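Novice: Sharing a model that was predicted from the sequence below.
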Amino acid sequence: MRLWPARPRRRSAVPPPEDVLVTEEQLRRNVEDVLVVRDRQVRGSVIVFRGVLTIEPRRALDLLIDRFRPFGYTPFLRQEGDAVAVQAWPLAETAVPRRIGVNLLLFVLTCLTTLFVSWLSIVGSPTFDALRSSPTVLRFFAGSPFAVTLMTILVVHELGHYFTARYYRAAVSLPYFIPFPLGFGTLGAIILMRSPARDRNSLFDIAVAGPLAGLAVAFPAIMLGLHWSQIVPTPPGGDSGFGSLLTWALTYLFFGPIPSGHTLFTHPMADAAWAGFIVTALNLFPVGQLDGGRIAYALFGRHHQTIGKVTVATLIFLGAASFLWGLHTLRGDVTLAIMSSANWFVWAGLISLLVGFQHTPPMNDLSPISPLRRMIGIACLVIMVLMVPRVQIH
């Protein structure tokens with residue numbers, strides 16, 4: 001998971017009602033040359049001024065941030081009906097902790113679990129497979145092609161988020177990698193954003209930087225991995241598939257139609273790139289705090305929740321369709337039909353229960369995203385569809 005969960009900045013202590021009235025008057029004086037105030041409201045600890053902006057939203061935000069900071073408030077610009085609302089939230093600035101011990105420990109553990117998993121179950125590199133017979137500790141490095149490639153994709157992905165967030169002066173943590181001794185050896189990583197994005201453009205840039213950076217490594221890796229892969233007779237137990245539209249197209253580009261009774265024996269580097277595609281595709285689902293959810297908010301604003309719910313409903317529909325198709329093609333074998341469709345339901349459940357559909361708005365929610373970013377965002381959603389596996393993951 002990327003940039004999830006977003007952690008709001010620490011709220012200042014809620015002041016007494018009489019202090020709120022004094023602060024409201026002080027804030028109003030700092031707003032009047034930026035906003036023609038029609039009415040004022042106090043919503044709990046949030047002070048809201050509604051009216052018409054007199055200057056461009058980006059410039060208004062710059063001025064209000066500096067003016068509200070001495071009072072311990074942060075401005076948010078919203079559209080409320082036919083008026084612009086300047087919301088003053090009692091949010092204190094957050095300093096990002098400088099301790100990186102936990103980050104380093106999790107990174108090392110994740111390197112070890114990916115190396116362990118690939119040593120146990122991933123073959124295909126003659127050079128490194130020869131290490132499996134070594135009586136020394138070198139045998140554990142037999143999984144290096146897969147582990148190093150996958151970790152490189154994940155690290156570059158996370159650093160894409162991190163450095164873009166720092167460029168926009170957002171308070172953001174270093175990546176927290178998640179080791180897991182099954183599957184790919186990791187559940188990815190998260191970065192904690194401790195401050196809201198400034199506007200939709202910066203929100204989009206921070207979200208899209210990770211997937212694009214990771215893909216910049218994954219594409220060359222899969223091309224090289226496919227170059228070292230080969231077509232072999234299908235083993236008795238069949239194969240688990242190399243299944244997404246993107247990997248199918250790349251396989252066809254390299255090998256053409258695969259003859260009947262044969263399958264693609266992939267090099268571990270290609271397997272790692274495929275795993276990177278899966279992780280990237282999951283993060284590009286346009287839901288909640290996922291990368292795709294942030295991209296969807298930047299593109300569609302308040303409609304992002306509807307898009308997220310439609311996405312989850314689509315996953316459930318695909319799971320049901322996959323189950324029914326499995327029953328038809330597998331001659332009524334319910335167990336195999338469930339296995340062939342389980343991933344769709346698992347993704348829908350994880351997204352609904354762990355990610356949710358909410359998203360923290362940027363401080364300036366008035367300025368639209370630029371046309372070029374809109375095109376890149378739509379392209380990312382298309383790439384997500386191409387990278388989603390069509391079959392179950394064994």
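Specialist: Great, that's in hand.
Novice: Give me the three-state assignment for residue 184.
Specialist: Residue 184 falls in the coil class when you classify it by DSSP: H, G, I helix; E, B strand; the rest coil.
Novice: Beyond the worst-scoring helix or strand of the chain on mean pLDDT, next helix or strand please.
Specialist: Ranking every helix and strand in the chain by mean pLDDT, DSSP states H and E puts helix 126-129 at the bottom, with a mean of 72. Counting by DSSP states H and E, the element after helix 126-129 in chain order, helix or strand, is helix 144-167.
Novice: quick check: mean pLDDT across that following helix?
Specialist: For helix 144-167, the mean per-residue pLDDT is 94.
Novice: ok, and what's touching the least confident helix or strand of the chain?
Specialist: Helix 126-129 is contacted from outside by 123, 141, 142, 143, 144, 145, 268, using CB atoms under 8 Å, 6 or more residues apart in numbering. In this view, the C-beta of every residue, glycine as well, is placed from N, C-alpha and C.
Novice: ok, now how distant is the fourth one from residue 114?
Specialist: Residue 143 is 8 Å from residue 114, where distance means CB to CB, to the nearest Å.
Novice: And the two? Which one has more around it.
Specialist: Neighbour count, other CB atoms under 10 Å: between residue 143 and residue 114, residue 114 has more, with 30 against 27.
Novice: Now the phi/psi pair for residue 264, please.
Specialist: With angles defined as degrees, to the nearest 10, residue 264 sits at phi -90, psi 120.
Novice: Oops, could you answer that again for residue 72 instead?
Specialist: According to degrees, to the nearest 10, residue 72 has phi 80, psi 20.
Novice: Low-confidence bits of the stretch 1-150 of the chain, can you list those?
Specialist: 1-22, 92-98, 129, 131 (pLDDT under 70).
Novice: To which secondary structure element is the closest residue to residue 159 other than its chain neighbours assigned?
Specialist: Nearest residue to residue 159, sequence neighbours excluded (CB to CB, 6 or more residues apart in numbering): residue 213, at 6.9 Å. Using DSSP H and E, residue 213 falls within helix 200-227.
Novice: tell me which residues of that helix are tucked away?
Specialist: Within helix 200-227, the residues that count as buried by 16 or more other CB atoms under 10 Å are 200-215, 217-218, 221-222, 225-226.
Novice: cool, and stretch 327-342?
Specialist: Neighbour-count burial for stretch 327-342 flags 327, 337, 338, 339, 340, 341 (criterion: 16+ other CB under 10 Å).
Novice: Just flag the most distant two among the residues you listed.
Specialist: Maximum pairwise distance among the buried residues of stretch 327-342 (CB to CB): 11.9 Å, between 327 and 339.
Novice: what residues are shared contacts of the two?
Specialist: Common contact partners of residue 327 and residue 339 (CB under 8 Å, 6+ apart): none.
Novice: any idea how far residue 303 is from residue 369?
Specialist: Counting by CB to CB, the gap from residue 303 to residue 369 is 13 Å.
Novice: Settle it for me: which of these two has more neighbours?
Specialist: Legend: neighbour count by other CB under 10 Å for residue 303 and residue 369, higher for residue 369 (21 against 11).
Novice: is it fair to say the more buried one lies in a strand?
Specialist: No: counting by three-state DSSP, residue 369 falls outside a strand, being coil.
Novice: ok, back up a step: quick one: buried residues of the helix or strand following the helix holding residue 213?
Specialist: Following helix 200-227 in sequence order, the next helix or strand is strand 230-233 (DSSP H and E). By neighbour count on 16+ other CB under 10 Å, the buried set for strand 230-233 is empty.
Novice: counting contacts, what elements does the helix or strand just after strand 230-233 pack onto?
Specialist: Using DSSP H and E, the next helix or strand after strand 230-233 towards the C-terminus is helix 245-255. Under the contact definition 3 or more CB pairs under 8 Å, 6 or more residues apart in numbering; DSSP states H and E, helix 245-255 sits against helix 200-227, helix 268-283, helix 371-387.
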